[in-house]
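A.B. asks: predicted model follows, preceded by the sequence.
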Amino acid sequence: MSKHSNIVLVGPMGAGKSTVGRLLASRLGFSFVDTDSVIEDRTGADIPWIFDVEGEEGFRARETAVLRDLLEENASMVIATGGGIVTQPENIALLRKLGRVFFLQASLEQLTARTSKDKKRPLLQVKDPKAKIKELLELRAPLYEAAAHANIMTDVRGAKGVVHQICAQIEA
Ligand SMILES: Nc1ncnc2c1ncn2[C@@H]1O[C@H](COP(=O)(O)OP(=O)(O)O)[C@@H](O)[C@H]1O
Ligand SMILES: O=C(O)C1=C[C@@H](OP(=O)(O)O)[C@@H](O)[C@H](O)C1
Ligand SMILES: [Mg+2]
């Protein structure tokens, strides 16, 4: 286990990392960090713009830089990551160094429904978002498993219920 006492959330788009992360941080009295928000704050641009101008490659480099910077922080944090952060091999070790990693999962139907209204995910601005989510999940599931210390199914409970479940695992 890491010397850092952070809680790190990984998982596909729509798993609830940003929503649960914020609630969990408040419940634990930790700082909340969303790597997407850090990148947007640093660039002064939104994610679609970064994907457009710097490409996914540029965005991924920024994600790794954020993880490296977070390792220098001493605060106790809940860190919500972007769904593709595990695609960079070096990030797996960085995530596990940062703290206890929870893999938030949900059914394809739930992931699709939860992301259907938000147009700020460039990778899902395609004809068939459900098929894209499925494709990414098949590619990334082994990577989430490699990064995570624990898995949390989020289908049958709302965000608050997921917070409760994570707390129960932390306190066990
Ligand atoms: N456990 C849950 N049950 C139902 N809806 C959820 C749950 N967790 C998050 N949501 C909703 O799903 C959408 C995506 O959540 P978000 O936190 O942005 O996911 P992520 O950061 O993993 O992409 C939001 O509208 C959020 O309110
Ligand atoms: O899965 C991905 O590659 C991405 C997930 C997004 O974060 P969320 O998982 O919070 O939506 C965001 O980092 C970007 O759109 C890329
Ligand atoms: Mg998010």
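C.D. replies: Perfect, thanks for sending it. As the structure is a prediction and not an experimental result, all values here were calculated from the model. Ligands and ions are numbered 1, 2, ... in the order given.

A.B. asks: just the CA trace of stretch 134-144, in PDB.
C.D. replies: Taking Å, rounded to 0.1, in the frame of the first residue of the first chain, the C-alpha atoms of stretch 134-144 are listed here in PDB:
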ATOM      1  CA  LYS A 134     -18.400  -0.900 -24.700                       C
ATOM      2  CA  GLU A 135     -15.300  -0.800 -26.900                       C
ATOM      3  CA  LEU A 136     -13.300   1.400 -24.400                       C
ATOM      4  CA  LEU A 137     -14.400  -0.800 -21.500                       C
ATOM      5  CA  GLU A 138     -13.200  -3.900 -23.200                       C
ATOM      6  CA  LEU A 139      -9.800  -2.300 -23.900                       C
ATOM      7  CA  ARG A 140      -9.400  -0.700 -20.500                       C
ATOM      8  CA  ALA A 141     -11.000  -3.200 -18.000                       C
ATOM      9  CA  PRO A 142      -7.600  -5.000 -17.500                       C
ATOM     10  CA  LEU A 143      -6.000  -1.700 -16.900                       C
ATOM     11  CA  TYR A 144      -8.500  -0.600 -14.300                       C
END
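
A.B. asks: how much space between the most centrally placed residue in the chain and residue 126?
C.D. replies: The chain has residue 81 as the residue nearest its centroid, 2.8 Å off, counting by Cα atoms, centre = their mean. The spacing between residue 81 and residue 126, counted by Cβ to Cβ, to the nearest Å, is 22 Å. Placement of C-beta: from N, CA and C, glycine included.

A.B. asks: circling back to that earlier point, just checking, the residue nearest to the centre of the chain touches residue 8?
C.D. replies: Yes. Assessed by Cβ atoms under 8 Å, residue 81 is found in contact with residue 8 at 6.6 Å.

A.B. asks: would you list every one of the helices in the chain?
C.D. replies: Taking DSSP state H as the criterion, the chain contains helices spanning 17-28, 35-43, 47-70, 89-98, 108-115, 129-147, 159-171.

A.B. asks: that older thread, now the common contact residues for residue 81 and residue 8.
C.D. replies: By Cβ atoms under 8 Å, 6 or more residues apart in numbering, residue 81 and residue 8 have these common neighbours: residue 95.
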